[in-house]
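S.K.: starting from these lines, generate the structure:
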Amino acid sequence: MLNVILKTLLLCFFSNTLFGQNNSIRVAGFDTSVSQIAQSQIKVDSFTFIIDSIQVEGIKYENTIVTKSLFRESKTILNTTYYLKDGKMNFVKVIEPMKAPGKLYRYCDFYFTNSILVAQNCRSIRQLGVATRADGKDVSIGYNENLTFNFLKNYVSILFNRLQNYR
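M.R.: As a prediction, this is how the structure comes out:
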């Protein structure tokens with residue numbers, strides 16, 4: 001019996017090592033550098049501008065840019081935080097609060113190396129007891145269905161380019 005238990009434990013260990021996702025090792029390095037960047041926060045500038053029908057306001061720090069984007073048509077708000085390393089995007093966190101009352105959010109994290117996207121993670125916090133649609137879209141719980149992952153990926157880059165050129 002002990003032999004069966006040991007074989008099972010070894011099988012579990014090796015299957016996790018061989019078939020597990022190794023993305024967490026890469027992301028762990030980003031999380032360490034982000035916490036180091038966030039420790040030094042000296043305000044450099046504040047700004048407000050409009051991109052198409054999106055009103056953007058925010059604050060620039062030495063190594064961080066914090067923005068709030070209001071989409072005028074849909075009344076959707078996106079909070080975006082850029083963590084910079086040598087003036088380039090290192091990590092970007094996008095948070096969309098749910099429109100309905102409550103403290104529910106959709107998060108998207110983008111990890112960059114030399115301004116090249118190397119990993120991403122999007123997740124929604126769902127309220128218990130609320131049914132979701134069969135197609136998996138989050139519109140039933142108050143998130144904007146037009147803000148797809150591809151849209152957010154492009155928006156993060158466009159907004160960053162605009163922020164770099166803003167004076």
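
S.K.: now residue 119, which residues is it bridged with?
M.R.: Beta-bridge partners recorded for residue 119 (DSSP bridges): residue 111.

S.K.: any idea how far residue 50 is from it?
M.R.: For residue 119, the distance to residue 50 equals 31 Å [CB to CB, to the nearest Å]. Just so you know, the C-beta spots here come from the backbone N, C-alpha and C atoms, and that holds for glycine as well.

S.K.: give me the more crowded residue out of those two.
M.R.: Applying other CB atoms under 10 Å to residue 119 and residue 50 shows that residue 119 carries more neighbours, namely 15 against 11.

S.K.: could you tell me what pLDDT the model assigned to that one?
M.R.: Looking at residue 119, its pLDDT reads 91.

S.K.: how far away is it from residue 63?
M.R.: If you measure residue 119 against residue 63 using CB to CB, the figure is 20 Å.

S.K.: and residue 157, how many residues sit next to it?
M.R.: Residues within reach of residue 157, counting by other CB under 10 Å, total 16.

S.K.: oh, that last question was meant for residue 65, not what I typed.
M.R.: By other CB under 10 Å, neighbour count at residue 65 equals 23.
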